[in-house]
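Engineer: build me a structure from this.
(one chain, ligands or ions: 1)
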Amino acid sequence: MPRELRDVVFVDGVRTPFGKAGSMYAETRADDLVVNCIRELLRRHPELPPDRIDDVAIAATTQTGDQGLTIGRTAALLAGLPRTVPGYAIDRMCAGAMTAVTTVASGIAFGAYDVAVAGGVEHMGHHPMGAGVDPNPRFVSERLVDESSLVMGATAENLHDRFPEITRERADAYAVLSQDRVQQAYADGAIQESLVPVATRSVELGWGLATADEPPRPGTTVTALAQLKTPFRAHGRVTAGNAAGLNDGATACLVAAEEVATELGLPIAMRLVSFAFAGVDPAVMGVGPIPSTEKALGKAGLTIDDIGAVEINEAFAVQVLAFLDHFGIAADDRRVNPYGGAIALGHPLASSGVRLMIQLARTFREHPDVRYGLTTMCIGLGMGGTVIWENPRSSAADLSDSQAAIASGASDNSVKGAAK
Ligand SMILES: CC(C)(COP(=O)(O)OP(=O)(O)OC[C@H]1O[C@@H](n2cnc3c(N)ncnc32)[C@H](O)[C@@H]1OP(=O)(O)O)[C@@H](O)C(=O)NCCC(=O)NCCS
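Structural biologist: Purely as a prediction, here's the structure:
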């Protein structure tokens with residue numbers, strides 16, 4: 001059967017405020033965090049009939065308890081989507097939500113779906129990292145991977161060993177930059193518009209409402225960071241200050257065929273250009289974004305010089321710096337993580353990929369001069385993932401008049417959503 005691939009677009013994304021693991025969401029279920037996100041997407045987009053959603057792909061790294069039972073399906077039912085809308089669960093650890101997006105995008109391009117919900121959740125308070133895992137003893141007995149490969153902080157120390165020019169001082173300075181940028185982004189109202197308020201409960205404290213991220217530490221200084229312990233190695237370089245923390249949170253977004261978005265009047269925030277995942281030595285998983293980005297650029301016929309905006313997940317400062325050094329980008333380049341990153345905001349593993357996309361979409365909206373941007377992240381067990389996007393507002397982008405009109409309405413939509 002002859003077939004044509006369809007263009008795929010990122011319509012809109014939302015997320016819960018991120019919490020410290022087991023803190024403000026201690027008594028909130030992980031699946032309810034996802035439900036909040038799905039319901040908010042529907043509230044923001046009344047132009048989307050819920051029965052037009054063809055699938056719901058939700059990622060979680062630990063798929064048991066309140067993150068189990070095929071969370072894409074349970075969250076769809078709990079969110080009140082018609083029972084005819086199916087759903088499923090996805091896992092690629094930190095890149096879960098990113099993989100949810102690329103997977104539904106592939107289905108959309110192929111013609112299997114018109115519109116899909118993709119996202120992720122991690123309640124690291126309910127599901128501590130590594131709890132319940134049972135790695136095959138052959139990994140170590142046959143030296144398939146170095147023993148440090150299963151402890152992400154240890155892999156970050158390995159990365160410092162590989163790149164001795166990335167010192168603790170550089171890592172700490174980068175961490176301060178991330179904190180400062182988040183503080184500025186909050187002051188500018190750049191983050192709040194994507195947040196879904198979440199009702200929280202606590203037997204001790206009663207009901208509450210989470211409206212802002214809990215992890216940021218405004219006013220962080222390099223002097224304070226220099227005092228912190230290095231929990232992953234004696235006299236190491238990775239600390240609680242230059243690493244992402246342990247967090248709870250969820251994200252979700254709408255992905256659609258461009259022609260269907262136009263038909264329904266859905267905004268077009270970003271157009272998918274290419275994506276790639278790559279494998280590296282698990283002992284230095286943090287270098288993953290380098291080959292995945294090279295692969296994604298190659299598939300798109302682009303070079304790093306074509307990229308005007310980068311959202312890179314900050315699992316660890318060292319891993320961001322390794323990426324930036326490789327591509328010859330300065331650590332404080334405004335094209336990279338302009339609203340800060342995971343070191344300050346937190347990194348609820350499987351949810352973070354869509355947070356990156358939400359922030360890139362905002363950069364596209366604010367900078368029509370930027371044509372291409374990328375979202376990238378390192379992934380446990382030695383992987384990297386990269387998705388390259390095109391800005392529909394860019395004058396160089398090929399957009400029909402009707403699509404351009406919808407695209408320019410997108411910012412109004414988001415602002416309206418933020419005000420409510
Ligand atoms: C690094 C890690 C072990 C720290 O955990 P933790 O000890 O529970 O972290 P805390 O938030 O309690 O911070 C530890 C200390 O650093 C201090 N600290 C943290 N960030 C700071 C900052 N920005 N400025 C000043 N002090 C800071 C805390 O106040 C705390 O001090 P205290 O011991 O005097 O109370 C944990 O966050 C971790 O494992 N991160 C990596 C997560 C990960 O691997 N994700 C997957 C990536 S692939």
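Engineer: the closest residue to the ligand within the stretch 51-200 of the chain: how many residues sit nearby?
Structural biologist: Nearest to the ligand, among the residues of the stretch 51-200 of the chain, is Met152, at 3.3 Å (C-beta to the nearest ligand atom). Yep, even glycine has a C-beta here, placed from its N, CA and C like the rest. Using other C-beta atoms under 10 Å, Met152 has 26 neighbouring residues.
Engineer: surely it is in contact with Pro282?
Structural biologist: No: counting by C-beta atoms under 8 Å, Met152 stays clear of Pro282, with 10.2 Å between them.
Engineer: anything in contact with each of the two?
Structural biologist: Common neighbours of Met152 and Pro282 (criterion: C-beta atoms under 8 Å, 6 or more residues apart in numbering): Gly380.
Engineer: interface residues of the stretch 101-250 of the chain facing the ligand?
Structural biologist: 152-153, 217, 220, 224-225, 228, 231, 240-241, 243-246 (C-beta under 6 Å from any ligand atom).
Engineer: list the contacts of the residue of the stretch 51-200 of the chain closest to the ligand.
Structural biologist: Met129, Met285, Ala315, Phe316, Gly380.
Engineer: kindly recompute the last result at 10 Å.
Structural biologist: By C-beta atoms under 10 Å, 6 or more residues apart in numbering, the contact set of Met152 is 93-94, 129-130, 232, 238, 243-244, 285-286, 315-316, 319, 349, 378-381.
Engineer: buried ones among those residues?
Structural biologist: 93-94, 129, 232, 238, 243-244, 285-286, 315-316, 319, 349, 378-381 (16 or more other C-beta atoms under 10 Å).
Engineer: show me where this protein has its helices.
Structural biologist: For the chain, the helices defined by DSSP state H cover 30-44, 71-78, 96-110, 138-141, 152-162, 168-187, 222-226, 258-264, 289-300, 317-327, 342-345, 352-366, 401-419.
Engineer: out of those helices, deepest packed?
Structural biologist: Comparing those by mean neighbour count (mean count of other C-beta atoms under 10 Å), helix 342-345 ranks first with a mean of 30.
Engineer: Ala112: neighbour count?
Structural biologist: So Ala112, with other C-beta under 10 Å, has 12 neighbours.
Engineer: apart from its neighbours in sequence, what residue is nearest the residue most central in space within the chain?
Structural biologist: Taking C-alpha atoms, centre = their mean, the centroid of the chain lies closest to Gly353, which sits 2.0 Å from it. The shortest distance from Gly353 to any non-neighbouring residue, by C-beta to C-beta, 6 or more residues apart in numbering, is to Met98 (2.9 Å).
Engineer: what sits against the residue nearest to Tyr339 when sequence neighbours are not counted?
Structural biologist: Leaving out its chain neighbours, the residue that sits closest to Tyr339 by C-beta to C-beta, 6+ apart is Ala185, at 3.8 Å. Neighbour list for Ala185: Ile191, Gln192, Pro216, Asn337, Pro338, Tyr339, Gly340, Ala344, Leu345, Gln359, Arg362 [criterion: C-beta under 10 Å, 6+ apart].
Engineer: let me have these in TSV, extended by pLDDT.
Structural biologist: Output for these, formatted as TSV (pLDDT from 0 to 100):
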residue	pLDDT
Ile191	98
Gln192	98
Pro216	98
Asn337	98
Pro338	98
Tyr339	98
Gly340	98
Ala344	99
Leu345	99
Gln359	98
Arg362	98
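Engineer: who does the residue lying closest to Pro291 once chain neighbours are set aside bridge with?
Structural biologist: Closest residue to Pro291 apart from its sequence neighbours, by C-beta to C-beta, 6+ apart: Ala278 at 3.8 Å. Applying DSSP bridges to Ala278 yields these beta-bridge partners: Gly384.
Engineer: from Ala296, how far off is Ala278?
Structural biologist: For Ala278, the distance to Ala296 (C-beta to C-beta, to the nearest Å) stands at 9 Å.
Engineer: any idea which of the residues of the stretch 101-250 of the chain next to the ligand is the one closest to Asp55?
Structural biologist: Ala244 (29.3 Å; C-beta to C-beta).
Engineer: now do the phi/psi pair for the closest one.
Structural biologist: phi -70, psi 150 (degrees, to the nearest 10).
Engineer: hang on, the earlier thing: thinking the residue nearest to Gly353 is in contact with Trp389, fair?
Structural biologist: No: contact criterion C-beta atoms under 10 Å: Met98 and Trp389 do not qualify, at 11.9 Å.
Engineer: who touches both of the two?
Structural biologist: The contact lists of Met98 and Trp389 share Phe275, Met357, Thr375, where a contact means C-beta under 10 Å, 6+ apart.
Engineer: Arg217 - nearest residue in space that isn't next to it in sequence?
Structural biologist: Here the residue nearest Arg217, using C-beta to C-beta, 6+ apart, is Gln179, at 5.9 Å.
Engineer: that neighbour contacts Ala317, correct?
Structural biologist: No: the pair Gln179 and Ala317 fails to qualify as a contact (C-beta under 10 Å) at a distance of 11.2 Å.
Engineer: residues contacting Asp32?
Structural biologist: If you count contacts by C-beta under 10 Å, 6+ apart, then Asp32 has Thr16, Tyr25, Asp66, Ala75, Leu78, Ala79, Val121, His123, Val198, Ala199, Ala250 around it.
Engineer: one step back: the residue nearest to the centre of the chain and Ala59 touch, don't they?
Structural biologist: Yes: if you go by C-beta under 10 Å, Gly353 and Ala59 touch, sitting 7.8 Å apart.
Engineer: fine by me, we can end here.
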